[in-house]
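A.B. asks: Could you look at this predicted model? Sequence included:
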Amino acid sequence: MSQDRGAHKQEDGPLSPPEAMPRQAHHLGRLLAGLHSKADATLARGLLWRLSLALLLSIGLLAWLVHAVSSRELRAKSLEELRMDVAERARAGGADFAIAQANTEMLRDEYLRRLAAPKPQDWRAQFSKWFARWPDQLLRVRPELDDHRHLPSVYLRPQLPLDDELMWQTQVAFGLLREWGPPMTARYYSAYFDLPAKGLIMFSPSVNWAAEANAQTNNFDYPPVAGAAPDKNPQRRNQWTPVYYDDKARIYMVSTVTPIDYGGQWIACVSQDVAVDSLLKRTLGEALPGGYNMIISRDKHLIAHPNLKAKIEAAQGNLALASLGDPLLDEIAALGLPEAGEAIVSASRDGRYMLGLARIPGPDWLFVSVYPNALLEAEADKIAANILLAGAVVWLVLISLLGWIVRRQISRPITALQSAVQGVSDGHFDITLPTQRADELGQLGDAFVHMGEELARREARLKKDASELEQGRALLESRVEERTAALHASNTELSQTLLNLSQTQSSLMRAEKLASLGRLVAGVAHEMGTPVGNARLAATTLSAEAEAMVLALEQGMRRSELEGFVRRVGSGSLILQANIERVSELLLSFKQVAVDSSSAQRRQFELAQLVREILMSMDPTLKRLPVEVSVDIPAGLEMDSYPGALGQVLTNLISNALLHGLEGRTQGHIAIHARRLADPTGPSDRVELSVSDDGAGIPADIQARVFDPFFTTRMGRGGTGLGLNISHNLISNVLCGTISLHSSSANGTCFLIELPLVAPSGADNETILLTDL
């Protein structure tokens with residue numbers, strides 16, 4: 001071997017280490033290729049490959065046969081399991097409906113029996129004990145007895161004559177539901193009697209239905225009632241409504257309705273509401289592994305589907321299959337219905353799915369289970385894969401036995417070489433390999449020894465470079481920490497500045513509130529000066545007249561003098577009374593405005609009266625200016641809100657119009673208008689209030705900023721920039737409304753406010769406190 005290396009060096013010449021490594025790698029690749037070709041040429045390697053190929057073919061054929069047989073058996077088993085599963089789910093889903101239907105039929109029979117029974121002697125007294133007309137003229141359970149959680153709720157329309165027949169029908173239904181209502185609503189939402197176009201007697205612990213009724217409520221057009229009419233249900237059978245979403249109960253439900261005829265007349269229908277949320281959840285959440293379920297009504301509407309929940313909810317549980325354009329759903333709709341209590345299973349036309357169908361008793365819905373055929377194929381593939389795995393294990397055992405000789409001759413030297421390579425990869429470059437063999441493996445070992453030496457030298461250089469990089473990284477981290485500390489200090493300073501700014505804003509807002517109330521007090525004091533002075537003058541005059549009367553009586557008074565004295569005293573008294581009444585009126589208005597302005601108390605008030613009180617408090621200011629204020633607010637427009645906050649908003653808007661819009665004008669007009677908003681169904685629960693002037697308007701380039709805090713065009717001339725900002729905050733956070741601005745130089749400025757007639761109970765208390773004194 002040493003002679004071969006010497007000959008090689010003599011032929012190629014001396015090589016440096018970097019140049020020797022590529023040449024040695026080339027030798028290594030050539031030696032491995034030669035080793036592989038020689039191994040393939042041996043009898044053991046050839047026999048090993050031929051036997052391996054025969055075993056692989058046998059295992060593959062066996063796996064194919066197992067796959068074919070298992071697919072057929074699995075399909076038959078799965079079809080039967082699907083049929084049984086669908087039938088059981090349909091039966092379980094219809095159990096609640098069957099019980100609810102039986103409940104209504106029992107209620108009907110018992111109701112008819114009690115109607116026909118002799119009436120007790122005190123039945124009218126019992127009726128008067130339980131029922132009375134409420135202020136809206138609807139007949140309900142007396143307020144002191146009304147308890148919908150434990151008693152039926154009742155309402156009868158105000159237009160109906162309260163004759164004995166109606167009273168007896170109502171009392172019998174009320175007594176029956178008092179007894180039967182609690183057990184019948186233990187698992188159902190409600191049980192009730194509808195008297196068509198007359199009223200309702202319902203036991204529903206969740207909702208007081210009678211309290212929800214009003215004078216316009218008419219249950220005759222309600223679908224469960226309308227469907228029970230003789231012309232629509234001549235057989236007088238029990239019927240089920242479609243699925244609908246109840247906005248009061250906030251759940252999906254269906255109703256079973258049984259008409260009641262008495263004396264040849266349709267007098268009522270008895271119903272029970274069944275919540276279907278649990279059925280829908282079970283339908284969508286308890287499908288066979290890999291499949292899914294759905295429910296379809298008899299009239300081809302989709303009630304439940306795991307992938308179409310949004311569309312079904314938008315259609316209120318009545319989504320027509322024909323509107324979806326889904327081929328699979330259209331195919332299901334075209335299938336024949338199974339017999340009651342039975343289930344059918346069939347394959348889809350494209351062969352991709354197995355379809356299981358069964359009818360749900362009660363509303364007669366169709367329960368459908370969809371199971372992909374691909375899952376059966378996957379199960380068969382799994383069995384075949386297990387066969388292949390077992391065959392592979394056998395194949396490996398046989399190959400191991402056959403390759404034992406090859407390993408003794410070749411694998412051991414290769415293993416030693418592999419260990420050396422692993423040592424190099426782990427950083428151990430002191431390679432030790434047997435080099436005494438005079439074959440290619442010996443040459444390969446020698447080449448690896450030289451390669452390990454070269455790698456050791458390169459590893460040393462890499463460690464040195466890594467040390468230098470670590471030092472640079474430490475320096476960079478130090479600089480990053482310095483910059484981070486500086487940024488933290490800057491953030492702390494900015495946070496303190498922001499806190500100081502917020503405290504300053506709060507102080508200015510309180511100052512604005514105090515200034516506003518101070519102007520109000522000064523104006524009212526000025527307004528009261530005239531009537532108080534007149535009253536004092538009248539009182540002084542009356543006192544002088546009284547003294548003169550005493551002197552005249554001592555000297556002897558004539559009839560003409562007495563009559564003159566009486567006329568003067570009467571005139572003075574009228575003057576004194578008129579001025580005192582004026583002072584009292586001013587004091588009452590100021591007291592109401594001051595209390596509302598300095599408190600956040602919620603109360604009911606009439607909007608027109610509140611506006612008049614605000615204008616009266618501002619009357620001293622308005623009298624000194626050539627400004628006309630007109631008010632157009634309908635009488636009787638009452639609100640349940642915060643008059644103090646609304647009064648402050650109106651005061652700010654009127655003051656803003658006087659200070660900015662009408663300043664320097666010889667005449668001006670401010671209009672205050674209010675109206676109750678309407679929606680398509682009638683009057684809404686919101687009011688629109690506008691405050692407009694015919695002044696100079698607000699430039700378009702600053703309209704977007706007028707509600708910003710501290711923004712004013714009169715900085716340094718009495719303006720704080722907080723009036724409109726306070727108004728915006730009060731409307732948004734306290735009154736729970738909106739305010740918008742419309743302004744132009746030609747038409748002046750209009751502030752449009754939209755408010756709820758009844759302020760929500762969760763108004764922003766923090767904002768209210770901020771506006772308090």
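C.D. replies: Right, received. Where do you want to start?
A.B. asks: quick one: contacts for Glu73?
C.D. replies: Shown in contact with Glu73 (CB atoms under 8 Å, 6 or more residues apart in numbering): no residues. C-beta coordinates here come from the backbone N, C-alpha and C atoms, glycine included.
A.B. asks: Show me how far whichever strand or helix holds it is from its chain's centre.
C.D. replies: Per DSSP states H and E, Glu73 falls inside helix 43-116. Centre-to-centre, helix 43-116 and its host chain are 39 Å apart (CA atoms, centre = their mean, to the nearest Å).
A.B. asks: What's the first helix or strand after it?
C.D. replies: Next along from helix 43-116, by DSSP H and E: helix 123-130.
A.B. asks: where's Phe174 relative to Ala548, distance?
C.D. replies: Distance, Phe174 to Ala548, by CB to CB, to the nearest Å: 80 Å.
A.B. asks: the more surrounded of the two?
C.D. replies: Set side by side, Phe174 and Ala548 show more neighbours around Phe174, with 22 against 13, by other CB atoms under 10 Å.
A.B. asks: how about the nearest residue to Ile260, chain neighbours excluded?
C.D. replies: Ala268 (4.4 Å; CB to CB, 6 or more residues apart in numbering).
A.B. asks: Three-state assignment for that neighbour, please.
C.D. replies: Put simply, Ala268 is strand when judged by DSSP: H, G, I helix; E, B strand; the rest coil.
A.B. asks: Quick check: it touching Thr258?
C.D. replies: No: using CB atoms under 8 Å, Ala268 makes no contact with Thr258, being 9.6 Å away.
A.B. asks: which strands and helices sit next to the longest helix along the chain?
C.D. replies: Using DSSP state H, we find that the single longest helix of the chain is helix 440-555. With contacts taken as 3 or more CB pairs under 8 Å, 6 or more residues apart in numbering; DSSP states H and E, helix 440-555 sits against helix 17-41, helix 412-425, helix 559-597, helix 607-617, helix 619-623, helix 643-656, helix 723-729, helix 765-771.
A.B. asks: Show me the least confident stretch of those helices, going by mean pLDDT.
C.D. replies: When those are compared by mean pLDDT, helix 765-771 comes last with a mean of 41.
A.B. asks: returning to that earlier point: show me what contacts the residue nearest to Ile260?
C.D. replies: 111, 169, 173, 193-196, 259-260.
A.B. asks: Can you lay out these as CSV showing neighbour count?
C.D. replies: Shown next, in CSV, are these (neighbours: other CB atoms under 10 Å):
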residue, neighbour count
Tyr111, 24
Gln169, 21
Ala173, 28
Phe193, 27
Asp194, 24
Leu195, 22
Pro196, 19
Pro259, 25
Ile260, 24
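A.B. asks: Just give me the closest of those residues to Asn500.
C.D. replies: Asn500 lies nearest to Asp194 out of the contacts of Ala268, by CB to CB, at 67.4 Å.
A.B. asks: Paired strands for whichever strand or helix holds the closest one, with orientation please.
C.D. replies: Per DSSP H and E: Asp194 is located in strand 190-195. Partners of strand 190-195 in the sheet, by DSSP bridges, are strand 199-203 (antiparallel), strand 265-275 (antiparallel).
A.B. asks: Please tell me how far the spatially most central residue of the chain sits from Tyr244.
C.D. replies: Centroid-nearest residue in the chain: Arg250, 13.5 Å away (criterion: CA atoms, centre = their mean). Between Arg250 and Tyr244 the distance is 12 Å, computed by CB to CB.
A.B. asks: residues contacting Ser732?
C.D. replies: Contacts of Ser732 by CB under 8 Å, 6+ apart are 738-739.
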